[in-house]
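Colleague: my questions concern the predicted model and sequence given below.
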Amino acid sequence: MRALVFTSRNIKELLRNPLSYLFCLGMPLVMLIVMTLINASIPKPEIPADAKLFNISLAEAAETTKVFNIEMLTPAIAIFGLTFIMLFSCIAVSSDRTSDFLTRLYASPMKSTDFIIGYTLPFAIIAAVQIVITFIAGEIISLIVKGESFNIGYMLLSLPLFIPAVILFIGIGIFFGTLLNEKAAPGVCSAVITAAAILGGIWMDIDTMGDAWVAVCSCLPFYHSVKAARCALAGDFGGMIVPLMITAAFAAVIFAASALIFAHKSKADK
Amino acid sequence: MNKAIVLKGITKKFGTKTAVDHIDLEVSEGEIFGLLGVNGAGKTTTIRMLTGLSLPTEGEAKVLGLDLRSDIDKIKLLVNISTQETAIAGNLTVEENLKFIAGIYGVSNEDLKERLEDIYDSLELGEVRDQRSKTLSGGWQRRLSIAMALITGPKLIFLDEPTLGLDVLARRELWRFVKKLKGKVTIVLTTHYLDEVEALCDTIAVMAKGHVLAVGTADELKKSVNKDTLEDAFVEIVGGEKK
């Protein structure tokens, strides 16, 4: 009950912050549109696919730019949008900590689990809305640009498969929000957002960049979560299982760590 | 008179530093009790221990007849705190803030309705009930912060430096509201403003360097060191400690 009261407060705080609309809902849409426009503006010369330019065949070049195709872009941007959920969850925790608001609540009958549920649920709801909006926008763009619809069945089936990624990014947000103050938190989150974009392969196909780079990216959860999302929308459920399991494992570890650190910090001076 | 708080040898250490050093105190039910001291005297640490925010390193404490260590969950339901910095949810309205805290403490709808009316009346918050709390002035925010502590119907309330950073008029307004609470609820108030304790408190404990140096009414403290003003008495009491 207390967790739900705290959830309600956090939802209100979030919905009354105009920046949360801009970043959590607006930014993924803008990214989808901008990247689609960039993709459309890439010239497609009428020369044989085995022709080479700077020692790269056009077939290989097409492979590296396929991530800009709407069916690849949409699930990746749905994951990228979660990085902003992470940013806002981080700011919510750190600003409550920096002010005396959490001190007041620590003195109340609330338990650590109430806090964790209360911080997680609102952002999970916003994340679900964000993913659905991104998919709808992707579908509309796909119809306009390619005249093709996504596979609606795969699209619907892929939605619950985002749960591990949602937990992962909210967990990262709570983790840094618990450790950092209001001033440091946005900077560190920006670094994580950049890392997620680059090492997750949102704007580039990691698999075509060599084994060493794939090995580096595989050490972090972003590459796996993007891969799982892309496979899910493509209906490649065989290819999705491993990256999804790895994302779920990262999510479980990071979320548990964030919950433990929050509980520890709340009792730090006892 | 029943005792709301009884402390025996309460001590708090942070590593090698002793913030509160074996203090003994008794606070009677219904009184306004002032913890007076300069910065670092141990006032806030004492309040943090009594609200369950920090565990004592040594000593025994009873709050409302309950043991501070073993009954902390029960104590938390009966006490509330208005912290040194204004602790409100900025994007929530005044009423939403009050309802939020009431919800956390499980206040029933009937009690909530009654208490809201009472608080709007006594703290004059009714006129700003639908206003986002971050848009309120410092004085009004502090008033809301105290209201959030009262909405849960506590038997004991801790006001940690309630007028810190407020202008003279806002301070006087807040004093007026605190005086209205006298007898309805036990209040422990920390401050380093001498005029504040003299205006509000029934009993004053002077703290310095983690020790309680003197306890009594303002007049008793003045008499104890043969001074005419509380300021002179305070300097004499605390100065004695410095020597």
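Modeller: Received it, and whenever you're ready, just let me know what you need.
Colleague: enumerate every residue touching A:A195.
Modeller: Counting by CB atoms under 8 Å, 6 or more residues apart in numbering or on different chains, A:A195 touches A:L220, A:F222. The way it works is simple: take the backbone N, C-alpha and C, and place the C-beta from them, glycine included.
Colleague: what residues sit buried inside the helix or strand encompassing it?
Modeller: In this structure, A:A195 sits in helix A:184-200 according to DSSP states H and E. Neighbour-count burial for helix A:184-200 flags A:A185, A:P186, A:V188, A:C189, A:V192, A:I193, A:A196, A:A197, A:L199, A:G200 (criterion: 16 or more other CB atoms under 10 Å in any protein chain shown).
Colleague: filter those residues down to the ones near chain B?
Modeller: Among the buried residues of helix A:184-200, no residue lies close to chain B (CB under 8 Å from any CB of the partner chain).
Colleague: got JSON lines for those, with distance to A:P221 and pLDDT too?
Modeller: Formatted as JSON lines, the buried residues of helix A:184-200 follow (distance: CB to CB, whole Å; pLDDT from 0 to 100):
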{"residue": "A:A185", "distance to A:P221": "20", "pLDDT": "89"}
{"residue": "A:P186", "distance to A:P221": "21", "pLDDT": "88"}
{"residue": "A:V188", "distance to A:P221": "17", "pLDDT": "93"}
{"residue": "A:C189", "distance to A:P221": "15", "pLDDT": "92"}
{"residue": "A:V192", "distance to A:P221": "11", "pLDDT": "93"}
{"residue": "A:I193", "distance to A:P221": "14", "pLDDT": "93"}
{"residue": "A:A196", "distance to A:P221": "9", "pLDDT": "91"}
{"residue": "A:A197", "distance to A:P221": "14", "pLDDT": "90"}
{"residue": "A:L199", "distance to A:P221": "9", "pLDDT": "90"}
{"residue": "A:G200", "distance to A:P221": "8", "pLDDT": "89"}
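Colleague: make CSV from the residues you listed and add distance to B:L77 to it.
Modeller: Formatted as CSV, those follow (distance: CB to CB, whole Å):
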residue, distance to B:L77
A:A185, 32
A:P186, 37
A:V188, 37
A:C189, 36
A:V192, 39
A:I193, 42
A:A196, 43
A:A197, 47
A:L199, 48
A:G200, 46
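Colleague: nearest to B:D160 among those?
Modeller: Of all the buried residues of helix A:184-200, A:A185 has the smallest distance to B:D160: 25.8 Å, by CB to CB.
Colleague: which strand or helix spans the closest residue to that closest one other than its chain neighbours?
Modeller: Spatial nearest neighbour of A:A185, excluding adjacent residues (CB to CB, 6 or more residues apart in numbering or on different chains): A:S94 at 4.1 Å. Using DSSP H and E, A:S94 sits within helix A:70-98.
Colleague: A:L102 too?
Modeller: Secondary structure (DSSP H and E) places A:L102 in helix A:101-106.
Colleague: can you give me how far that helix is from the chain middle?
Modeller: 29 Å (CA atoms, centre = their mean, to the nearest Å).
Colleague: next, the angle helix A:70-98 makes with the helix or strand hosting A:F123.
Modeller: Assignment of secondary structure by DSSP H and E places A:F123 within helix A:112-145. Put simply, helix A:112-145 runs at 150 degrees to helix A:70-98, going by axes from the mean of the first three to the mean of the last three CA atoms, to 10 degrees.
Colleague: buried residues in helix A:112-145?
Modeller: Buried, per 16+ other CB under 10 Å, within helix A:112-145: A:112, A:114-124, A:126-127, A:130-131, A:133-135, A:137-139, A:141-142.
Colleague: so A:A257 sits in a helix?
Modeller: Yes. Membership of A:A257 in a helix is supported by DSSP: H, G, I helix; E, B strand; the rest coil.
Colleague: give the closest residue to it in space, chain neighbours not counted.
Modeller: Leaving aside its sequence neighbours, A:A257 sits nearest to A:F175 (CB to CB, 6+ apart; 6.2 Å).
Colleague: would you confirm that the one you found contacts A:L260?
Modeller: No. A:F175 sits out of contact with A:L260 when judged by CB atoms under 8 Å, with a separation of 9.8 Å.
Colleague: which one of those two has more residues nearby?
Modeller: Between A:F175 and A:L260, counted using other CB atoms under 10 Å in any protein chain shown, A:F175 has the larger neighbour count: 22 against 14.
Colleague: quick one: contacts for the more buried one?
Modeller: A:I254, A:A257, A:S258, A:I261.
Colleague: now A:I91
Modeller: Per CB under 8 Å, 6+ apart, neighbours of A:I91: A:G177, A:E182, A:A185, A:P186, A:C189.
Colleague: follow-up on the earlier one: which of the contacts of A:F175 tops the neighbour count?
Modeller: Ranked by the number of neighbours (other CB under 10 Å), those place A:S258 first, at 25 neighbours.
Colleague: distance check, that one against A:E182.
Modeller: Distance, A:S258 to A:E182, by CB to CB, to the nearest Å: 17 Å.
Colleague: burial check on the closest residue to B:D202 other than its chain neighbours, number of neighbours?
Modeller: Distances taken as CB to CB, 6+ apart place B:E31 nearest to B:D202, at 4.2 Å, with adjacent residues excluded. Neighbours of B:E31 under the rule other CB under 10 Å: 17.
Colleague: for B:E31, give me phi and psi.
Modeller: phi -90, psi 160 (degrees, to the nearest 10).
Colleague: circling back to that earlier point, most widely separated two among the contacts of A:F175?
Modeller: A:I254 and A:I261 (10.4 Å).
Colleague: name the SS class of residue 35, please.
Modeller: This is for chain A. Applying three-state DSSP: A:M35 is helix.
Colleague: oops, chain B please
Modeller: strand.
Colleague: that one contacts B:C201, doesn't it?
Modeller: No. With contact defined as CB under 8 Å, B:L35 does not reach B:C201; the gap is 9.2 Å.
Colleague: which one of the two is surrounded by more residues?
Modeller: Shown here are B:L35 and B:C201; by other CB under 10 Å, B:L35 has more neighbours (27 against 23).
Colleague: mind listing what the closest residue in space to A:R2 that isn't next to it in sequence touches?
Modeller: Closest residue in space to A:R2, ignoring its immediate chain neighbours: A:D114 at 4.5 Å, by CB to CB, 6+ apart. For A:D114, the contact set (CB under 8 Å, 6+ apart) comprises A:R2, A:A3, A:F6.
Colleague: get me the contact residues on chain A for chain B.
Modeller: Checking chain A against chain B by CB under 8 Å from any CB, the hits are A:1-2, A:5-6, A:8-9, A:12-13, A:16-17, A:99-101, A:103-110, A:269-270.
Colleague: just the buried members of the residues you listed?
Modeller: Using 16+ other CB under 10 Å, the buried members of the residues of chain A next to chain B are A:2, A:5-6, A:8-9, A:12-13, A:17, A:99-101, A:103-110.
Colleague: ramachandran angles for the nearest residue to B:L68 once chain neighbours are set aside?
Modeller: Excluding its sequence neighbours, the residue lying closest to B:L68 (CB to CB, 6+ apart) is B:A61, at 3.8 Å. Main-chain dihedrals, B:A61, degrees, to the nearest 10: phi -140, psi 130.
Colleague: and residue 90, how many neighbours?
Modeller: Looking at chain A here, since you left the chain open. The tally of other residues near A:C90 (other CB under 10 Å) stands at 29.
Colleague: wrong one, chain B
Modeller: 18.
Colleague: surely it and B:K134 touch.
Modeller: Yes. Counting by CB under 8 Å, B:K134 is a contact partner of B:G90 at 3.4 Å.
Colleague: tell me the angle the helix or strand containing A:C217 makes with helix A:184-200.
Modeller: Assigned by DSSP H and E, A:C217 falls within helix A:211-218. With the same axes, to 10 degrees defining the directions, helix A:211-218 sits at 140 degrees from helix A:184-200.
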